[in-house]
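>>> here is a sequence together with a model predicted from it:
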Amino acid sequence: MKRILSILLAALCLASCGGGSSRRKAADTASDAPRVFLPALAPARMSLDEQRDYLRWHYWDNFDFSDTLFLARADTLQLVEAYVRYVALISDRPNDPAPIDSLMHRASASRLMLDYFAMLADEVLHDPNSPLRNDEFYIPVLQAVLAAPWYDAYERLAPEYALKMAMQNRVGQPANDFTFERITGERGSLYGLRSEYVLLFVSNPGCALCREVREQIASSPMLSEMIERGRLAVLVLYPDEELDAWRVHAGEIPPAWINARDPGCVVRDSGLYDLRAIPSLYLLDADKRVLVKDSADVALIEETIDRRS
């Protein structure tokens with residue numbers, strides 16, 4: 001992020017600064033203090049739910065999207081924190097990208113402004129380590145970048161690929177099917193699994209966080225009972241090609257789960273699933289429609305099933 005910010009701020013400086021007299025330098029010195037963004041406040045008379053709904057659409061009302069000088073002098077950390085708070089605010093509706101779409105429409109006033117807000121979104125909504133990562137929110141960001149007239153064919157390659165991956169396996173849509181090979185050598189397919197729910201668990205052998213997620217699933221009374229009764233099938237998929245490591249760690253997978261690999265690494269190489277972040281959990285219903293996408297939150301899996309009960 002620091003590298004992206006340094007490049008962006010250098011470009012802003014070139015666009016908005018330049019040479020000047022000593023009088024101008026004195027004025028600049030007087031305004032050296034970082035500029036901060038103050039989000040809009042919801043009317044106090046509103047209920048908490050009404051305030052949240054109000055801020056979904058008015059949070060950025062105090063931000064001047066035509067003022068690129070603000071970006072050159074902004075307290076970037078404060079603006080990142082403001083963006084994080086906004087995303088957290090609207091994340092109570094994780095499958096509703098309309099507020100982000102509206103924000104990106106306003107941010108498309110200039111390339112500098114669009115670059116800046118795309119950078120914020122990339123760090124908060126797209127980084128594999130971000131707890132607020134959300135493809136549904138990130139899709140309108142990529143669409144705004146690709147709809148803008150300022151980028152050449154080379155610059156469009158990365159957002160085009162990111163959009164292609166974000167559009168895969170969306171919540172409410174059928175998951176991509178694939179063939180897997182069990183540790184026993186038998187082959188099967190995702191769509192060949194017959195259970196009320198399927199939990200696809202993309203994992204790597206020896207991965208510490210994968211072990212934590214595996215232990216959380218195994219220690220969940222709710223999920224354990226569902227597995228025992230055949231209501232939930234857990235498919236642990238190893239997507240890479242170091243089979244010796246996969247076999248060495250095979251004993252770590254509970255026997256009631258399906259321990260499988262991706263023969264030929266088709267899932268990885270064909271981009272059927274976004275594998276930037278591992279471990280990765282996908283909860284599917286009986287028709288293999290996605291209920292939870294690319295998460296490492298076992299509690300979210302439990303909550304999603306519980307809501308549907």
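Nice, I can see it. Numbers count the residues shown, from 1 in each chain.
>>> distance-wise, check the most centrally placed residue in the chain relative to M167.
The C-alpha lying nearest the average C-alpha coordinate of the chain belongs to R133 (Cα atoms, centre = their mean; 2.7 Å). As for R133, its distance to M167 is 16 Å (criterion: Cβ to Cβ, to the nearest Å). All C-beta spots, glycine's among them, are computed from the backbone N, C-alpha and C.
>>> before we move on, what about G230?
G230 is 32 Å from M167, by Cβ to Cβ.
>>> again, but for V290
For V290, the distance to M167 (Cβ to Cβ) stands at 12 Å.
>>> for these two, indicate the residue with more neighbours.
Counted by other Cβ atoms under 10 Å, V290 and M167 do not tie: V290 has more neighbours, with 20 against 12.
>>> and the host helix or strand of the more buried one, which strands flank it?
For V290, the host element (DSSP states H and E) is strand 290-295. Next to strand 290-295 in the sheet, as set by DSSP bridges, lie strand 280-285 (antiparallel).
>>> okay, the partner strand in CSV with CA atoms only?
Extracted in CSV, the C-alpha atoms of strand 280-285 (Å, rounded to 0.1, in the frame of the first residue of the first chain):
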residue,chain,number,x,y,z
SER,A,280,-11.0,-20.5,1.5
LEU,A,281,-14.5,-21.7,2.4
TYR,A,282,-17.5,-21.8,0.0
LEU,A,283,-20.9,-22.9,1.4
LEU,A,284,-23.2,-24.4,-1.2
ASP,A,285,-26.8,-25.5,-1.0
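>>> what mean pLDDT does that strand get?
For strand 280-285, mean pLDDT rounds to 97.
>>> centre of the chain to it, how far?
Counting by Cα atoms, centre = their mean, to the nearest Å, strand 280-285 is centred 15 Å from the centre of its parent chain.
>>> got the buried residues for stretch 103-118?
103-104, 106-108, 110-118 (16 or more other Cβ atoms under 10 Å).
>>> ugh, wrong one, stretch 54-62
55-56, 59-60.
>>> one more: stretch 209-218?
Quick answer for stretch 209-218 (16+ other Cβ under 10 Å): 210, 213-214, 216-218.
>>> how far is that stretch from where the chain is centred?
The answer for stretch 209-218 is 21 Å, by Cα atoms, centre = their mean.
>>> distance check, A296 against I217.
Per Cβ to Cβ, A296 is found 11 Å from I217.
>>> check D32 too.
Counting by Cβ to Cβ, the gap from D32 to I217 is 53 Å.
>>> strands along the protein, start to end?
179-182, 187-189, 197-202, 232-238, 258-261, 280-285, 290-295 (DSSP state E).
>>> still on that earlier bit, got JSON lines for the buried residues of stretch 103-118, with pLDDT and distance to M222 too?
Output for those, formatted as JSON lines (pLDDT from 0 to 100; distance: Cβ to Cβ, whole Å):
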{"residue": "L103", "pLDDT": "98", "distance to M222": "37"}
{"residue": "M104", "pLDDT": "98", "distance to M222": "38"}
{"residue": "R106", "pLDDT": "97", "distance to M222": "43"}
{"residue": "A107", "pLDDT": "97", "distance to M222": "42"}
{"residue": "S108", "pLDDT": "97", "distance to M222": "45"}
{"residue": "S110", "pLDDT": "96", "distance to M222": "50"}
{"residue": "R111", "pLDDT": "97", "distance to M222": "49"}
{"residue": "L112", "pLDDT": "96", "distance to M222": "49"}
{"residue": "M113", "pLDDT": "96", "distance to M222": "46"}
{"residue": "L114", "pLDDT": "97", "distance to M222": "44"}
{"residue": "D115", "pLDDT": "97", "distance to M222": "45"}
{"residue": "Y116", "pLDDT": "96", "distance to M222": "43"}
{"residue": "F117", "pLDDT": "97", "distance to M222": "40"}
{"residue": "A118", "pLDDT": "97", "distance to M222": "39"}
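>>> this completes my enquiry, with thanks.
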